[in-house]
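> Following is a predicted model, sequence given first.
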Amino acid sequence: MKVKVGAFLGGGLFGVGLAVSGMTQPAKIVGFFDFFGSWDPSLAFVMLGALIVYTPVYRWAVRTWQHPIWAPSFTLPTRRDIDGRLVVGSAVFGIGWGLGGYCPGPAFTSVGAGSKEALTFGAAMLVGVGLYQLFMRAREGRTGGPADRQAAAMIDG
Amino acid sequence: MESFTPIASTIGGVMIGIAAAGLLMFHGRIAGISGIAGGIFRREPGDIAWRAMFLAGLFTAGVVWYYFRPLDYRFEIERSTLALVIAGLAVGIGTQLGSGCTSGHGVCGIGRLSKRSTVATITFMATAAVTVFVINEVLGGAV
């Protein structure tokens, strides 16, 4: 129960942070990437603000804590290699981000705010996520259990 | 085009950082939105509720915050429905194939000093910039 409430509050704070930072305004996202028009560097400050908090907390918690407060262990990415999937997938994601002006977090929270554009984008995004996951599941023939848990640990974020 | 908002963007970024740090400290998980969403489709028992609740919180934040500051959700770029659908599919498939998005790679991954996430972030920032260049400078700003 407390994990569910905590996750809900965490998502809520994350969502308000996205709105306050300007990440939910596609014009600001496009503005950040518009180096040849009127460049708006705001997005760099969003990442800076988030990293100032996250980086030291991560080092402190993961290095010195036995386990997270409500969980038996940290579930962290284990991969180190740079592979084709990482680069091609990220490249495709960037094209979609520049085209639609939303990345996944802002899309979810903007649907809550009633944005028609976010709803169209978000529905297509969920179809993309679902198709990929179902395809991988079918291809790898997994039925759940330890193998899936191992696969989950390989997701970076 | 929008004006520069360094203070609001930093404050919002700090809030995102606190939320991500909280998920790590309490639940031991990486706050990557695409990873959290993708995990729901893997349907692993016991691993769904926290994901659904985090996304519900994200959605509810939009419902509530819109009441106070509706202009934070302005769209203001010219995109057809077809462009939005193609963009959504690209973000959905791309983030799963590349195992992360702006939050998972750009914040949590770089915060962990991960080489994979740094490469991913540079890659999606670069292709987003090229896409915006083509749309704004070649296609006149509307697609």
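Structure's in. What do you need?
> Might you report the residue contacts of the nearest residue to residue B:36 once chain neighbours are set aside?
If the residues on either side of it in the chain are set aside, residue B:36 comes closest to residue B:51, at 4.8 Å by CB to CB, 6 or more residues apart in numbering or on different chains. All C-beta spots, glycine's among them, are computed from the backbone N, C-alpha and C. Residue B:51 makes contact with A:7, B:36-37, B:39-40, according to CB atoms under 8 Å, 6 or more residues apart in numbering or on different chains.
> Next one: residue A:19 from residue A:89, what distance?
27 Å (CB to CB, to the nearest Å).
> Identify the residues contacting the least confident helix or strand in chain B by mean pLDDT?
Ranked by mean pLDDT, DSSP states H and E, the weakest helix or strand in chain B is helix B:33-42, scoring a mean of 94. Applying CB under 8 Å, 6+ apart, the external contacts of helix B:33-42 come out as A:103-105, A:108, A:126, A:129-130, A:132-134, A:137, A:144, A:148, A:151-152, A:155-157, B:29, B:47-48, B:51-52, B:54-55, B:58, B:91, B:95-96, B:99-104.
> Narrow these to those in helices?
Within those, residues falling in helices by DSSP state H are A:104-105, A:108, A:126, A:129-130, A:132-134, A:137, A:148, A:151-152, B:51-52, B:54-55, B:58, B:91, B:95-96.
> per-residue pLDDT, the residue nearest to residue B:36?
For residue B:51, the pLDDT comes out at 96.
> repeat for residue A:79
For residue A:79, the model assigns a pLDDT of 89.
> Where does pLDDT dip in chain A?
Across chain A, residues meeting the criterion (pLDDT under 70) sit at A:141-154, A:157.
> how about the helices in it?
A:2-21, A:26-33, A:42-64, A:84-100, A:104-112, A:116-140, A:146-153.
> need those in TSV with distance to chain B and mean neighbour count, can you?
Conversion of the helices of chain A to TSV gives the following (distance: least, CB to the nearest CB, whole Å; neighbours: other CB atoms under 10 Å in any protein chain shown):
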stretch	distance to chain B	mean neighbour count
helix A:2-21	2	23
helix A:26-33	4	25
helix A:42-64	2	19
helix A:84-100	3	24
helix A:104-112	3	31
helix A:116-140	2	19
helix A:146-153	5	13
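> and those as TSV, adding distance to residue B:22?
Shown next, in TSV, are the helices of chain A (distance: least, CB to CB, whole Å):
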stretch	distance to residue B:22
helix A:2-21	5
helix A:26-33	25
helix A:42-64	9
helix A:84-100	25
helix A:104-112	15
helix A:116-140	24
helix A:146-153	20
